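[1] Here is my input, please return the structure:
(2 chains)
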2 protein chains.
Amino acid sequence: MAPWGKRLAGVRGVLLDISGVLYDSGAGGGTAIAGSVEAVARLKRSRLKVRFCTNESQKSRAELVGQLQRLGFDISEQEVTAPAPAACQILKEQGLRPYLLIHDGVRSEFDQIDTSNPNCVVIADAGESFSYQNMNNAFQVLMELEKPVLISLGKGRYYKETSGLMLDVGPYMKALEYACGIKAEVVGKPSPEFFKSALQAIGVEAHQAVMIGDDIVGDVGGAQRCGMRALQVRTGKFRYLSDSCGPGSFASSDAEELAGANMPSDEHHPEVKADGYVDNLAEAVDLLLQHADK
Amino acid sequence: MAPWGKRLAGVRGVLLDISGVLYDSGAGGGTAIAGSVEAVARLKRSRLKVRFCTNESQKSRAELVGQLQRLGFDISEQEVTAPAPAACQILKEQGLRPYLLIHDGVRSEFDQIDTSNPNCVVIADAGESFSYQNMNNAFQVLMELEKPVLISLGKGRYYKETSGLMLDVGPYMKALEYACGIKAEVVGKPSPEFFKSALQAIGVEAHQAVMIGDDIVGDVGGAQRCGMRALQVRTGKFRYLSDSCGPGSFASSDAEELAGANMPSDEHHPEVKADGYVDNLAEAVDLLLQHADK
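    Below is the predicted model of the structure:
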């Protein structure tokens, strides 16, 4: 690989994933990842533009930001690009009235949306609300429509809570796609529109920006397809090679086509190669402050 | 199409799907489909060999047969090929100890199976037991395994209850496949081994047999790939063309690759063509008694 100075040359803006990069969510508000509070503070004191770009869809931005502030992070609601507001914009533009298969924590983001007589389904990381009854309600709404529309807030496979790995919205999106024979419209990473709206908010071009995330496909692959550079952190749901770390370290492959049971580590993903791998956000910020915008 | 006499020539054995062909399941034991009780009786009085071949995985065979007998059907447990016993055989042969993501109604079929310290997951039509907690348990078991094994009892998309369409095991199988980056082993239709074991039970060769089902892919396509002929009934989950029947008639496409929102009716499926379409089992039996084994 090229030296860091070359890989990070000309970077003016940074998009930061939140879960798995800033903190691990979980009971009691989760825990900050070591060094990340200071890393965000240093980044914001620098000349680099910073935007938080998350697929979080269990909580409203207000709740998420409140939680992060309590952990010590310098972050405000206005600095966060999240999928729920982006979905609301699409619903309004297209006159869609959703059946909401979502967590109660994010419901306030949809306060202004008409949900009577639904003509589409919006699915988010609903957690415990992914009951059979709720899934079947969403399925029946879709099957009653002549042209079924399913909007998914992200398509992540799983995320890491302090208590372990948790199913994200992606598997449930796939379930409804298969049940109805349709393809969902994904709002959030890795959708190019989503990355672009985050870049617009800080006035930075894709080629001047770097994404930092723990998801090799959603964060790294998605950002690169938009012309950005991307670093993967070895925190959050980053997966090591299984044979070097024993049981439980089964590695991630987000490839659309299933890759079978023999998974490479995230650093040997069959389709996506990050512009760099770092131990955590603190190391990424060290490198950025040393080499970016030169 | 060729005349029925030609299409059914040489048929010596009949495999009958149960749900959607004999009866529609639902509250209070479901309801028999008009004419099906008599049709089964007539078939069993004929020279044709008969075997019931179901993907039912919510109930044990004993419970299923009891329900059908109460509806008036001439059927015994020994005449039914069902996925749970087939799965038990695989588990025993391979020394697998499953985490069971199943309905309580089918649990008795697994009485002889060791479920301690699971080294695989068995998923069936679990209905209300498809809670987030149970799905996440199954997911975590799979992710802890170096070589994750997921056995699915069928992969149907949905079935029809008297109260409406209900999500079947297939969507949940897809969810776990996507979450873990693996491919499930399907036990039940359309697995060729499953059809073959049903044929063996009545001593009939594939080319001498006809499958009668309501599922264009699981029943019709699966049977044809085994060298059998197959008729689709227009009962159960059979879907008509949407524009001829208005909302609610969104047609079925079980193709592995999603076909998009514009679905043909089952009679215009992009990949599977039945050897004949009939209104119901009664019509199928009329035709068989008239033309088969000639």
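
[2] When you work out contacts or count neighbours from here on, use the C-alpha atoms and nothing else.
    Will do.

[3] For the stretch 1-150 of chain A, which segments count as helices?
    A:4-7, A:36-45, A:61-70, A:83-93, A:132-144 (DSSP state H, counting those that start in this stretch).

[4] Could you pull out the buried residues of stretch A:45-53?
    Buried residues in stretch A:45-53, counted by 16 or more other CA atoms under 10 Å in any protein chain shown: A:48-53.

[5] what does that stretch contact?
    With CA atoms under 8 Å, 6 or more residues apart in numbering or on different chains as the contact definition, stretch A:45-53 has outside contacts at A:11-18, A:43-44, A:79-82, A:195, A:198-199, A:201-202, A:204, A:289.

[6] follow-up on the earlier one: strands - which of the buried residues of stretch A:45-53 land there?
    In strands, defined here by DSSP state E, the members of the buried residues of stretch A:45-53 are A:49-53.

[7] Reformat those as a markdown table; add pLDDT and distance to residue B:237.
    Listed next are these as a markdown table, based on pLDDT from 0 to 100; distance: CA to CA, whole Å:
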| residue | pLDDT | distance to residue B:237 |
| --- | --- | --- |
| A:49 | 98 | 55 |
| A:50 | 98 | 52 |
| A:51 | 98 | 49 |
| A:52 | 98 | 46 |
| A:53 | 98 | 43 |
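
[8] Can you tell me how far residue A:3 is from residue B:37?
    Residue A:3 sits at a distance of 76 Å from residue B:37 (criterion: CA to CA, to the nearest Å).

[9] Could you do residue A:235 as well?
    Taken as CA to CA, the span from residue A:235 to residue B:37 is 61 Å.

[10] Have a look at those two and say which one is more surrounded.
    Under the criterion of other CA atoms under 10 Å in any protein chain shown, the comparison of residue A:235 against residue B:37 puts residue A:235 first, with 23 against 20.

[11] so who does the more buried one touch?
    Contacts for residue A:235 (CA under 8 Å, 6+ apart) come out as A:20-21, A:33, A:214, A:279-280.

[12] Quick check: PyMOL command selecting the buried ones in these.
    Isolation of the buried members of those (16+ other CA under 10 Å) is achieved in PyMOL through the command below:
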select buried, chain A and resi 20+21+33+214+280
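
[13] for chain A, which spans come out with low pLDDT?
    Applying pLDDT under 70 to chain A flags residues A:241-264, A:293-294.

[14] what sits against the residue minimising distance to the centre of it?
    The residue lying closest to the centre of chain A (CA atoms, centre = their mean) is residue A:55, at 3.4 Å. Residue A:55 sits next to A:82-83, A:153-154, A:188-189 when contact means CA under 8 Å, 6+ apart.

[15] Among the helices of the stretch 1-150 of chain A, show me which one is buried the most.
    helix A:132-144 (a mean of 20; mean count of other CA atoms under 10 Å in any protein chain shown).

[16] Is that one positioned near chain B?
    Yes: Helix A:132-144 reaches chain B (CA under 8 Å from any CA of the partner chain) through A:132-133, A:136, A:139-140, A:143-144.

[17] Out of these, flag the one nearest to chain B.
    Comparing the residues of helix A:132-144 next to chain B against chain B with CA to the nearest CA places residue A:144 closest, at 4.3 Å.

[18] How much space separates the residue lying closest to residue A:44 once chain neighbours are set aside from chain B?
    Nearest non-adjacent residue to residue A:44, counting by CA to CA, 6 or more residues apart in numbering or on different chains: residue A:50, 6.7 Å away. Counting by CA to the nearest CA, to the nearest Å, the gap from residue A:50 to chain B is 31 Å.

[19] hey, what's residue A:50 bridged with?
    When assigned by DSSP bridges, residue A:50 has beta-bridge partners residue A:14.

[20] before we move on, back to that, torsion angles phi and psi at the residue nearest to the centre of chain A?
    phi -100, psi 10 (degrees, to the nearest 10).

[21] gap between it and residue B:180?
    Taking CA to CA, one finds residue A:55 at 19 Å from residue B:180.

[22] about what we covered before: adding distance to residue B:160, write the contacts of residue A:235 out as CSV.
    CSV is the format used below for these (distance: CA to CA, whole Å):
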residue, distance to residue B:160
A:20, 42
A:21, 45
A:33, 48
A:214, 42
A:279, 51
A:280, 50
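
[23] right, and out of the contacts of residue A:235, which lies closest to residue B:63?
    Using CA to CA, residue A:20 comes nearest to residue B:63 of the contacts of residue A:235, at 47.4 Å.

[24] which residues does the closest one contact?
    Contacts of residue A:20 were listed using CA under 8 Å, 6+ apart, and they are A:33, A:159-160, A:213-214, A:235-237.
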